[in-house]
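In: Below is the sequence, then the predicted model.
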Amino acid sequence: MYKLSEFKGKSNNLSFIKFLAAVLVIYHHSYGLLSEGGSWLGGFAVAIFLFSSGFFVTKSMLRKKDMKSYAVGRFARLYPLFAFVILAAAFILGPIVTSCSLKDYFTNRETYMYLLFLLFIPRYSLPGVFKTSKLTLVNGALWTMILETGCYIGLGIGYKLKLLEPKVLKILNIPFLLGVLFLFGYQPAFFTYGAYVRPLCAFIIGVDFFVFKDEIVFDWKRICIFVLAGVAMVLLGRGSLAMILVLPYLLSAIVFAPKQLPDMLGKLGTYSYAMYLVAFPIQQVFSQYLESRSFLLNATLSTVTAFALAVVLYHLIEKPCGEKIIKTLE
């Protein structure tokens, strides 16, 4: 038996899981690009990302207790690479793969409207880019960045309003859990935004896990109960409910386990964010120019390419730009 609060230091288990989650997103998108129907892999992976984000961002904010440091840290962590990926799509990838002439591409209003994504206003198309694809999006993964940024803002507001105080949060958890059970358990016909609300709920659960970390205990009896509950939910067609109510506990049992993976495997998670941002356009390129329609081939080639590019972007942009922003603004 061990408590969540007993874990100290860095979790190599989480870092490796985040790397695997980035790979799952790639396989999910490849399936969507080249096969009929969809898969649950993407939703599962995004729930992992948002839960871990909710936990560790709350940890960072409550320990600093400084909104400026919190805001600067979040901006430095996410925005430089996010902005680069948008600009690179518009002015490097787009001109190369567009079916339009370069003159038409650069004089088209749609090219510059795509840059609204820099302000978190979603734009998914560029002139003549991936128009023959099953999914005509330039980068279909970026919607989660808007959601995550909203979560960070909401968390900051919640902290200033003292909503993260344990006594207050316990009261707020009652309507939250009732809402989750109604929307994802009962599944009313009018509820059509589950793909957006589910990761939001995962983030909130992550916040809860950090605030109540002293009360969360892991042992085999509890783990088995959660596993059985998760299996039952999935068999009853309530997989989303399992992602919100069961996955966080089981994930935490692995992430914060006393036994951790070697640093070599943990280091892979360093590149998970960059992989997530760059993979979708890479998949679109392979989908458009490869004769094979195998989603497994697309996913495998995209994973290798995205990882190689992520390593480069992490060391050239993500890490140095983030460090420079923090140093400059603080």
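Out: Yes, it's here. Numbers count the residues shown, from 1 in each chain.
In: What residues of the helix or strand F286 falls within count as buried?
Out: For F286, the element it lies in under DSSP states H and E is helix 272-289. Going by neighbour count (16 or more other CB atoms under 10 Å), the buried part of helix 272-289 is 272-287. Every residue, glycine included, has its C-beta placed from N, CA and C.
In: Buried residues, stretch 126-135. List them.
Out: For stretch 126-135, a neighbour-count test (16+ other CB under 10 Å) marks 126-130, 133, 135 as buried.
In: any weak-confidence spans in this structure?
Out: Low-confidence segments of the chain, defined by pLDDT under 70: 36-39, 329-330.
In: mind listing the strands for it?
Out: 2-3, 217-218 (DSSP state E).
In: The last one - contacts with which helices or strands?
Out: Packed against strand 217-218, as judged by 3 or more CB pairs under 8 Å, 6 or more residues apart in numbering; DSSP states H and E, are the following elements: strand 2-3, helix 247-255.
In: if we can go back for a sec, what is the helix holding F286 packed up against?
Out: Helix 272-289 sits against helix 12-34, helix 67-88, helix 295-313, with contacts defined as 3+ CB pairs under 8 Å, 6+ apart.
In: any idea which of those is most buried?
Out: Sort the helices and strands packed on helix 272-289 by mean neighbour count, taking mean count of other CB atoms under 10 Å, and helix 12-34 sits at the top with a mean of 23.
In: got the angle for that one vs helix 295-313?
Out: Between helix 12-34 and helix 295-313, the angle comes out at 130 degrees (axes from the mean of the first three to the mean of the last three CA atoms, to 10 degrees).
In: what angle do helix 12-34 and helix 247-255 make?
Out: Orientation check (the same axes, to 10 degrees): helix 12-34 against helix 247-255 gives 130 degrees.
In: how about the CA coordinates for helix 12-34, as PDB?
Out: What follows is helix 12-34, C-alpha atoms only, in PDB (Å, rounded to 0.1, in the frame of the first residue of the first chain):
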ATOM      1  CA  ASN A  12       9.600   8.300 -15.400                       C
ATOM      2  CA  ASN A  13       6.500   6.200 -15.600                       C
ATOM      3  CA  LEU A  14       4.400   9.200 -16.500                       C
ATOM      4  CA  SER A  15       6.900  10.500 -19.000                       C
ATOM      5  CA  PHE A  16       6.900   7.100 -20.800                       C
ATOM      6  CA  ILE A  17       3.100   7.000 -20.600                       C
ATOM      7  CA  LYS A  18       2.900  10.400 -22.200                       C
ATOM      8  CA  PHE A  19       5.100   9.300 -25.000                       C
ATOM      9  CA  LEU A  20       2.800   6.200 -25.500                       C
ATOM     10  CA  ALA A  21      -0.200   8.600 -25.500                       C
ATOM     11  CA  ALA A  22       1.300  10.700 -28.200                       C
ATOM     12  CA  VAL A  23       1.800   7.500 -30.300                       C
ATOM     13  CA  LEU A  24      -1.900   6.500 -29.600                       C
ATOM     14  CA  VAL A  25      -3.100   9.800 -30.900                       C
ATOM     15  CA  ILE A  26      -1.100   9.200 -34.100                       C
ATOM     16  CA  TYR A  27      -2.700   5.800 -34.600                       C
ATOM     17  CA  HIS A  28      -6.100   7.200 -33.900                       C
ATOM     18  CA  HIS A  29      -5.700   9.900 -36.500                       C
ATOM     19  CA  SER A  30      -4.300   7.400 -39.100                       C
ATOM     20  CA  TYR A  31      -7.300   5.300 -38.500                       C
ATOM     21  CA  GLY A  32      -9.600   8.200 -39.100                       C
ATOM     22  CA  LEU A  33      -7.700   9.200 -42.200                       C
ATOM     23  CA  LEU A  34      -7.600   5.800 -43.900                       C
END
